[in-house]
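Engineer: Predicted model follows, preceded by the sequence.
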Amino acid sequence: MKRLVALFILIAAPLRAEVDITPVTSPSGLEAWLVEERSIPFVALELVFEGGATLDEDDTAGAVNMMAALLSEGAGDLDAQEFAMRSEELAARLSFDAGRDTVSVTARFLTEDAEAVIDHLRMALTEPRFDEDAIERVRAQTLASLRRDERDPNTLAARAFASAAFDGHAYARPASGTPDTVGALDRDALRAAHEGAIARDRVHIGAAGDIDADTLGTLLDRLFDGIPDAGAAIPDRVSFQADPGVEVISFDGPQTVIAFGHAGIPRDDPDFLSAFVANEIFGGGRFGTRLMRSLREERGLTYGIGSFLSSGLLGDSYQGRLSTDNANVEVVMDLLREEWTRIAEDGVTEEELDRIVTYLTGAYPLRFDGNGSIASIMASMQYQGFDIDYVNIRNDLIRDLTLDEVNDVAARLFDPDALVFFAVGQPVGVN
């Protein structure tokens, strides 16, 4: 019955357009953002630890990724099966994930079980077992995923772009490691990854649901009891390094996947929001963008194309992806250069700006569709450096952007002469 109640709560949380965020400081000094929602007895908690896979050394690439996967595979006196059974008994959903820049921890639980769930989660974060059978099971899963990646042209294109863009830096490596590094990871490497990645000095905390600020502060101190104050040093930032041009990576198949782009813009740049809007007009990954109109709707050269600002903790790029018939690759690259030149020189139109403002401001409240989503957004906002009131003024900031502001940043961001292309396939006429 408790599981059914939890499932109902996960899908029944109300949609919110305005978000009342309370800053919380625990007795020990942990900071969090809280959105109280008392209509259902459910709490969502999100932890984001900065660092992620960038903390791996070259010869231990994939350690943080495997470590995070193992946090739910046994802790304290509970082996993997017992840990899962205890989570089920509490109707708690716990998940752990590692990416390039972060380790994320998600907890969803009923209010009445808050203390028990927090104790259960603390055990995972402070006493992971790293049992040999669990290590080998997760290693096998990771190696199977890496083997699939070696046959995936989209992954190959993305990795080639990263390797060239951030050569010699942690960003150049796959976050999940390589078959060689993952195959060599032992318990000591995983424990070192755990000690380096899970620490108080790099965590951002979001919470939403049936809980007040005082109770949250007390629970956070309970959760972080035993977690070290400081973790491993985070690497320095890196500048974009890829030279313009075309690199072909041979891959059998009727189509070629193309990763393209150049240097990006940091998240803390004053013009970032203008750059975000410019990209949404240019290639935001849906019908109606300039790239979709030019390459799909008008010419039928691809099923889909999108571009995005990749503004990371330690480095930035502006990238795009598409696939096309091998015979069309040269034409596609020429069209991309033309579109890049057009927006850099001519900017966007007032009509395009009005249309995207309407879309972005209308879609934004839909992100806040439940306590889980809200808690995740609260943690992410802190990680990205937003002010606490950003969520409630973001639409006004977008509406206040002028055409000149968007076009000024477009002229700065889009550089057709700097474009680099990685073509994975058998493109005709492209060397």
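Structural biologist: Yep, it's here.
Engineer: Residue ranges in the protein under the pLDDT threshold?
Structural biologist: The chain contains residues with pLDDT under 70 at 1-17.
Engineer: Strands of that one, residue ranges please.
Structural biologist: Under the criterion DSSP state E, strands of the chain are mapped to 22-25, 31-36, 42-50, 74-75, 78-79, 93-98, 102-110, 203-209, 245-250, 255-263, 305-311, 316-325, 420-425.
Engineer: And these: which comes nearest Asp56?
Structural biologist: Among those, the nearest to Asp56 by C-beta to C-beta is strand 93-98 (9.7 Å). Bear in mind the C-beta positions are built from the backbone N, C-alpha and C, glycine included.
Engineer: list the buried ones in the closest one?
Structural biologist: For strand 93-98, burial by neighbour count (16 or more other C-beta atoms under 10 Å) applies to 93-94, 96, 98.
Engineer: What of stretch 65-79?
Structural biologist: Going by neighbour count (16+ other C-beta under 10 Å), the buried part of stretch 65-79 is 65-76, 78-79.
Engineer: Which ones among these map onto helices?
Structural biologist: Residues of those located in helices (DSSP state H): 65-70.
Engineer: could I get these as JSON lines with distance to Asp210?
Structural biologist: Formatted as JSON lines, those follow (distance: C-beta to C-beta, whole Å):
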{"residue": "Asn65", "distance to Asp210": "33"}
{"residue": "Met66", "distance to Asp210": "35"}
{"residue": "Met67", "distance to Asp210": "32"}
{"residue": "Ala68", "distance to Asp210": "28"}
{"residue": "Ala69", "distance to Asp210": "30"}
{"residue": "Leu70", "distance to Asp210": "31"}
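Engineer: Specify which member of the residues you listed is nearest to Asp389.
Structural biologist: Proximity of these to Asp389 (C-beta to C-beta) peaks at Ala68, which lies at 31.7 Å.
Engineer: and that closest one, what is it in contact with?
Structural biologist: 96-98, 103, 197 (C-beta atoms under 8 Å, 6 or more residues apart in numbering).
Engineer: Could you rerun that using 6 Å?
Structural biologist: Residues counted as contacts of Ala68 (C-beta atoms under 6 Å, 6 or more residues apart in numbering) are 96-98, 103.
Engineer: do the same with Leu94
Structural biologist: Residues in contact with Leu94, defined by C-beta under 6 Å, 6+ apart, are 87, 107.
Engineer: re earlier: so for His169, which of the strands of the chain sits nearest?
Structural biologist: strand 316-325 (12.1 Å).
Engineer: That closest one vs strand 420-425, what angle?
Structural biologist: Interaxial angle of strand 316-325 relative to strand 420-425 (axes from the mean of the first three to the mean of the last three C-alpha atoms, to 10 degrees): 30 degrees.
Engineer: Pull out the buried positions in strand 316-325.
Structural biologist: Residues 316-325 are the ones in strand 316-325 that count as buried (16+ other C-beta under 10 Å).
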